[in-house]
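Student: here is my input; please provide its structure:
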Amino acid sequence: MRDVGRERRLTIHLGPSPADPRRLVLSMKDTGVGIPHENLTRIFNHGFTTKPDGHGFGLHGSALAASAMGGSLTAHSDGPDTGATFTLELPVTAAEAAGDGRRAA
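Tutor: Numbering: from 1, shown residues only. Sure, this is the predicted structure:
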């Protein structure tokens, strides 16, 4: 949210998925610079970055970790200057999603 030139706001929501109460949804919505439409399909690619000092591993690694736990990480933005929303959805317990019979404490 740096360099937006206006009030910065981050809204975080945590709760059960409306579609499946066995899944937890964490969404983070900001008033930052937004994401151009053409980048929404690329931001989770290994090595993709728009920052001059970035390396493009953070979102890629986060999406892989979410997937490994049986979940997903997605992004939405209506374009530049509109902010962005990132949504992490995970099963209530990763062990149950993996089907190994373990339960979280």
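Student: quickly note the distance from Leu90 to Ile35.
Tutor: Going from Leu90 to Ile35 by CB to CB, to the nearest Å gives 22 Å. For every residue, glycine as well, the C-beta is placed using N, CA and C.
Student: the two: which is more packed in?
Tutor: The neighbour comparison of Leu90 against Ile35 (other CB atoms under 10 Å) goes to Ile35, with 22 against 19.
Student: can you pull the contacts of the residue nearest to the more buried one when sequence neighbours are not counted?
Tutor: The shortest distance from Ile35 to any non-neighbouring residue, by CB to CB, 6 or more residues apart in numbering, is to Ser77 (3.8 Å). Shown in contact with Ser77 (CB atoms under 8 Å, 6 or more residues apart in numbering): 34-37, 40, 83-85.
Student: among the residues you listed, name the buried ones.
Tutor: 34-35, 83-85 (16 or more other CB atoms under 10 Å).
Student: okay, and which of these map to strands?
Tutor: Those of these mapping onto strands are 84-85, per DSSP state E.
Student: quick one: the helices in the chain?
Tutor: Applying DSSP state H to the chain gives helices spanning 37-40, 58-68, 94-98.
Student: okay if I get these as TSV plus distance to Ile12 and mean pLDDT?
Tutor: Formatted as TSV, these follow (distance: least, CB to CB, whole Å; pLDDT from 0 to 100):
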stretch	distance to Ile12	mean pLDDT
helix 37-40	21	94
helix 58-68	16	95
helix 94-98	21	53
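Student: of all those, which lies closest to Ala19?
Tutor: helix 94-98 (15.3 Å; CB to CB).
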